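Enquirer: my questions concern the predicted model and sequence given below.
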Amino acid sequence: MSTRDHRFFDSFMLALGIFVGVVVGVVFFVRMNAFEARDQFALDDPEVQAAIAERIRPVGSVLLIGDPELEAAAAVTVAIAAPEPVDTVLTGAQTYNEACYLCHSEPGVGGAPVIGNVEAWLPRIEQGIEILHERSIAGYQGEVGFMPAKGGRVDLSDAEVTSAVDYMIEQVPLAE
């Protein structure tokens, strides 16, 4: 072995010895402190037992039909029932923006007359506002296109649909 290799080997062994000594010292120190502190955390203490039981308590439980807890939970659920929804009536512009915009804006989907287009709306207006209201509510299959009932939004009231039709007619410049 050369002198250089011998010096490297000696340095490596010294570093390894120091490392092992430090690890053994840390392990000994931790074990000694843990042994001394073992009595500080008495597992027989009722407060410690209660804290442990609380930490490992299950999040939920299984209830079977006939269990009193299930009946109590059902009563509470009925008592906390969701409030009745407030009926809000949309204006014609709001209904147009929520339900009619996609088909009645440029370029006009499925033959729907584009809002403000006189040539498309004039023949429909000449048929009468009642027919437009009826067809917008019930739906209509014409020669040019298709109008689903309430524009496909069955959650809209008849008044909201007719107000949207009135709004679109108001946007036609010559309809006045």
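Expert: Happy to help now that I have it.

Enquirer: tell me which residues are up against stretch 155-169.
Expert: Identification of contacts with stretch 155-169 by CB atoms under 8 Å, 6 or more residues apart in numbering yields 89-93, 95-96, 99-100, 104, 113, 115, 121, 125, 129, 132-133, 136-137, 150-151, 175. All C-beta spots, glycine's among them, are computed from the backbone N, C-alpha and C.

Enquirer: one more time with 10 Å
Expert: Outside of stretch 155-169, the residues within contact range by CB atoms under 10 Å, 6 or more residues apart in numbering are 87-101, 104, 112-116, 121, 124-125, 129-130, 132-138, 149-151, 153, 175-176.

Enquirer: next: stretch 6-19.
Expert: The contact list for stretch 6-19 (CB under 10 Å, 6+ apart) reads 1-2.

Enquirer: how far does stretch 144-155 stretch from one end to the other?
Expert: Across its full length, stretch 144-155 reaches 26 Å between end residues, using CA to CA, to the nearest Å.

Enquirer: what's the answer for stretch 76-91, then?
Expert: Start-to-end span of stretch 76-91 (CA to CA) is 38 Å.

Enquirer: average pLDDT across that stretch?
Expert: The average pLDDT within stretch 76-91 is 67.

Enquirer: so how many other residues sit close to I52?
Expert: Look at I52: counted by other CB atoms under 10 Å, it has 11 neighbours.

Enquirer: ok, it touching D44?
Expert: No: applying CB atoms under 10 Å, one finds I52 not in contact with D44, separated by 11.7 Å.

Enquirer: export stretch 115-122 as CSV, just CAs?
Expert: Output of stretch 115-122 as CSV, limited to C-alpha atoms (Å, rounded to 0.1, in the frame of the first residue of the first chain):
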residue,chain,number,x,y,z
ILE,A,115,-82.3,39.7,-31.3
GLY,A,116,-82.6,43.0,-33.0
ASN,A,117,-82.9,41.5,-36.6
VAL,A,118,-85.9,43.2,-38.2
GLU,A,119,-86.1,40.7,-41.2
ALA,A,120,-86.2,37.7,-38.9
TRP,A,121,-88.6,39.1,-36.3
LEU,A,122,-91.1,41.1,-38.5
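
Enquirer: mind listing residues that contact that stretch?
Expert: By CB under 10 Å, 6+ apart, stretch 115-122 touches 96, 100-101, 104-106, 108, 111-114, 125, 132, 144, 167-175.

Enquirer: just the buried members of the residues you listed?
Expert: 96, 100, 104, 108, 112-114, 125, 132, 167-169, 171-172 (16 or more other CB atoms under 10 Å).

Enquirer: please consider this matter closed, and thank you.
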